[in-house]
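Chemist: Have a look at this prediction, sequence included:
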Amino acid sequence: MTAVVPSMNPARQADVRSPGSLRRIRVLHVIPSLYGGGMERCLLELMRASTPVGGAGESCRVTHGVCILRSADDRLFSQCKSLATTWVLGRRKTRDWSCWKRIRRVIRDFEPDVVEALSTGAWVDAARAVGRSRSTQLALVFHGRIDTVPAGRIRRWLNRWAARRAATVISVSREAADRMIKDWHFPAAKMITIPNGVDVNRFHPADDADECLRVRRKLGIPDASKLAICVANLVPVKAVDVLLDAWRQLVTQQLDARLLVVGDGPLRDDLQQLAENLGCGNSVLFPGSRDDVPALLRTADLFVLSSRYEACSMALLEAMASGLAAAVTDVGGNRELVETDGTGWLVPPDRADLLAQSLTAALDDDHKRTQFGRRARAVVMERHDLEACARQYSMIYHSLTSPQNQRLAKAPEDSECAA
């Protein structure tokens, strides 16, 4: 896929404004790829929800650009193009040491005020591409990790190098921010935590029982069956194999229960075979990636996530917004979202036996599950509303670029690994 530049690429506006005028800020988001993960969905939702921010004397509106280093899903790519000027660089290898030069050419074309690198996989290339520019601020965002093994010594050093060149580092959970300060030795003064936000108008409880029945019948799920749903990329860090082991233990007691594993990934075939080998294949459905996730969540009784790490799971927040109680592993930022005896159940990771116990208890207690689901939606509406999240990001961009506010000014340049 080659670089894509829409014909109506917005021209950079002259910086001449009268009091009360609208200042435009150009933000280039650099992302490794654009597929169906939470980070990618979060980016698209935030661009959709972007609104002007600022004080009485001046407000600003964000114009977005997106630079995709590798490749993109056709459907998400089409959505992205409708929201922002978009480039796909077609990077084939992780260790492509010239990638930063192509990003720099995009920067020259787009002339952003802020370059925002999402994921540690884009941090170093974005930092090198920005270089010593005085007109462009660098922001790094940490959404989590997809590897089950913590970052090695060289990766930690590279992350620290990128962080020293950045004006700010944004984390989606307090746990992740604390970990970067403690383990990666990031300066605490640069750290900002902005939890992910959800469109509560799109993700909401079912309007009536008939809606749930229609969706279930399309999937071939019996009307009266208890239905648990997991929405995740099928990669090792999500530990869906542990979930299947737990489900095997559950269905020996609850024969009329179903598990819906929504998502795709390199482990899909192996996981389907594992479900058959464990003897629970008849009660587990793998519908792949779906466009109707909000409807699928509304028809379920319980959300489950067996991950070995999460920072601020979009899938979990979407389930909570849909009025679902959740049984999730006690890892990363999950404990910041799920309240034990309030919105769900927290289980140690890689403990299929304990996960099975929590699933059984949850599916057996209709009253508690309903009560937890109502509380879960209230928590999302109070703390994780998409528009409030988008406004926080816009305020960061405003702060980074406003002459009147330089609290988050770029740190002095570092001579190591210089571009």
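Modeler: Arrived safely.

Chemist: count of neighbours near the closest residue to residue 381 other than its chain neighbours?
Modeler: Closest residue to residue 381 apart from its sequence neighbours, by CB to CB, 6 or more residues apart in numbering: residue 200 at 5.5 Å. Where you see a C-beta, it was placed from the backbone N, CA and C, and this is true even at glycine. Counted with other CB atoms under 10 Å, the neighbours of residue 200 add up to 19.

Chemist: do residue 279 as well
Modeler: Neighbourhood size, residue 279 [other CB under 10 Å]: 11.

Chemist: And for the one 3 residues further on?
Modeler: Residues lying near residue 282 (other CB under 10 Å) number 11.

Chemist: who touches it in this structure?
Modeler: Listed by CB atoms under 8 Å, 6 or more residues apart in numbering, residue 282 has no contact partners.

Chemist: Okay, it and residue 62: tell me how far apart.
Modeler: 49 Å (CB to CB, to the nearest Å).

Chemist: what sits against the residue nearest to residue 381?
Modeler: 321, 377, 380-381, 385-386.

Chemist: Same question for residue 150.
Modeler: Here residue 150 is in contact with residue 183 (criterion: CB under 8 Å, 6+ apart).

Chemist: Over to it. Which of the three states is it?
Modeler: Three-state call for residue 150 (DSSP: H, G, I helix; E, B strand; the rest coil): coil.

Chemist: pLDDT score assigned to it?
Modeler: You'll see residue 150 listed with a pLDDT of 73.

Chemist: List phi and psi for it.
Modeler: Main-chain torsions, residue 150, degrees, to the nearest 10: phi -60, psi 160.

Chemist: How about residue 135?
Modeler: The phi/psi pair for residue 135 (degrees, to the nearest 10) is phi -100, psi -10.

Chemist: Which is the succeeding secondary structure element to the helix or strand containing residue 109?
Modeler: Element membership for residue 109, per DSSP states H and E: helix 99-110. Reading on from helix 99-110 to the C-terminus, the next helix or strand found by DSSP H and E is strand 114-118.

Chemist: That next one - contacts with which helices or strands?
Modeler: Here strand 114-118 touches strand 22-31, helix 120-130, strand 137-142, helix 386-401, going by 3 or more CB pairs under 8 Å, 6 or more residues apart in numbering; DSSP states H and E.

Chemist: quick check: angle from the helix holding residue 109 to strand 114-118?
Modeler: Between helix 99-110 and strand 114-118, the angle comes out at 140 degrees (axes from the mean of the first three to the mean of the last three CA atoms, to 10 degrees).

Chemist: Quick check: which ranges of the stretch 301-419 of the chain have low pLDDT?
Modeler: 403-419 (pLDDT under 70).

Chemist: Which parts of it are helices?
Modeler: 314-321, 334-337, 352-364, 366-383, 386-401 (DSSP state H, counting those that start in this stretch).
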